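> 3D, please:
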Amino acid sequence: MNPTDSSTGPQQKILGNLAFCCGVSIWATMFPATEYLLDNWDPVAITFVRMGGGGMILLVVFAFLEDFRSTLRAAPWGRIFLLGIVGVALSTFLFAWGIQRSNAVAGALIAATGPIVAALITGLVYAQPLQKGIVLGVALAVAGGVCAVFASGGSVDEFRGGEIIVLIAMAIWVWYSYNCQRWLKGLPQLGIAALTVAAGTIGFATYVGLAELVGFDDVRFGSDAREWLVIAWLSVGPASTSIFLWHFGVSRVGVTIGSMYQNLVPIIVVLITVSLGRYPTPLHLVAGALIISGVLYTQLRSVRASR
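As a prediction, the model looks like this:
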């Protein structure tokens, strides 16, 4: 199956869309949760514990529900470790680092450009036809990104690059999603999620161990019980459940359709932050309107062109 499309039946497409809706909604909670933890944790520690917990959960569930041994024998381990270390570990760290250097709302707004990032990567890297309206969509998204930067920092001098880091993380995630379906054909979706997250955890744990041993990176873990409850949620939710649901959805309806659900991310993040008594600035709202308008315009043009 082409990872950007799908030829599955209507029932499977419905299940795929439901998986995306639930998975992206769970994943969106990562932005305010990570921002909360960053008071006492650094991005390396958050990534390490979140991925370690998520990897263990996925492996245990995988061992109970699937043919674990057959999958291990058939797995192309070189590609799994590449996808896990770059696609999962690096993107997870970059999301946390980007949020640290901006904020949850700005990061979520940039993440909402996922459909345009997916269209550009599949078009320019994998020679898929570029969507109609992509130029105007990119222009609107860029304008929204600039507004998000100013809403977070207030001036160019205060810009710390967090939004750019989140955008890079988003691009890596699209690359990972696309190549999981190209390189790991025949493996169950739960197996793809479990093995790539576990491989990414091993790679990142190696880095953390060396950092602690040599002392070139001061990894900072929090000690508050509420913070550990939040990191536990990141392991159970965004690091395991949402990743499995994402792979399930991609296998049914493709990366391009799945990326459209990134539109939900800023909405969910804003609802969470408002419930906590923190309100987005007017410029954040303008940024959100521009980005979502660009994404929706690109999607609508693409749908009309496919008829």
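> which residues are contacting stretch 73-89?
47, 51, 172-173, 175-177, 179-180, 183-184, 186-187, 191, 195-204, 243 (CB atoms under 8 Å, 6 or more residues apart in numbering). Backbone N, C-alpha and C define where each C-beta goes, glycine included.
> what comes up buried for that stretch?
By neighbour count on 16 or more other CB atoms under 10 Å, the buried set for stretch 73-89 is 75, 79, 80, 81, 82, 83, 84, 85, 86, 87, 88, 89.
> Can you give me the end-to-end span of that stretch?
One end of stretch 73-89 sits 23 Å from the other (CA to CA, to the nearest Å).
> Quick one: mean pLDDT over it.
Mean per-residue pLDDT for stretch 73-89: 96.
> Could you double-check that residue 35 lies in contact with residue 104?
Yes: the pair residue 35 / residue 104 is scored as a contact, 4.1 Å apart, by CB atoms under 8 Å.
> Among these two, which residue is more densely surrounded?
Between residue 35 and residue 104, counted using other CB atoms under 10 Å, the more crowded position is residue 104 (25 against 20).
> could you pull out the strands for this structure?
Per DSSP state E, the chain carries no strands over any range.
> Adding distance to residue 285, write the buried residues of stretch 73-89 out as a markdown table.
Below are the buried residues of stretch 73-89 laid out as a markdown table (distance: CB to CB, whole Å):
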| residue | distance to residue 285 |
| --- | --- |
| 75 | 46 |
| 79 | 42 |
| 80 | 41 |
| 81 | 42 |
| 82 | 39 |
| 83 | 36 |
| 84 | 37 |
| 85 | 37 |
| 86 | 34 |
| 87 | 32 |
| 88 | 32 |
| 89 | 33 |
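> Looking at the residues you listed, which are in helices?
Counting by DSSP state H, the buried residues of stretch 73-89 place 79, 80, 81, 82 in helices.
> Let me know the closest of the residues you listed to residue 161.
Of all those, the one sitting nearest residue 161 is residue 82; the distance, using CB to CB, is 25.9 Å.
> Could you check how far the closest one is from residue 89?
11 Å (CB to CB, to the nearest Å).
> got it, and residue 112?
Shown here: residue 112 relative to residue 89, a distance of 23 Å by CB to CB.
> got the phi/psi numbers for the closest residue to residue 100 other than its chain neighbours?
Distances taken as CB to CB, 6 or more residues apart in numbering put residue 38 closest to residue 100, at 5.1 Å, once the chain neighbours are dropped. Here is the backbone geometry of residue 38 (degrees, to the nearest 10): phi -70, psi -10.
> I figured residue 38 was touching residue 96, is that so?
Yes: at 7.5 Å, residue 38 and residue 96 qualify as touching, with contact defined as CB under 8 Å.
> Common neighbours of the two, please.
residue 46.
> Compare neighbour counts for these two and give me the winner.
residue 96 (29 against 21).
> per-residue pLDDT, that one?
pLDDT, read off for residue 96, is 96.
> Contact partners for it?
Residue 96 neighbours (CB under 8 Å, 6+ apart): 34, 38, 43, 46, 47.
> how about 10 Å then?
Applying CB atoms under 10 Å, 6 or more residues apart in numbering to residue 96 gives the contacts 30-31, 34-35, 37-38, 41-47, 50, 107, 165-166, 169, 234.
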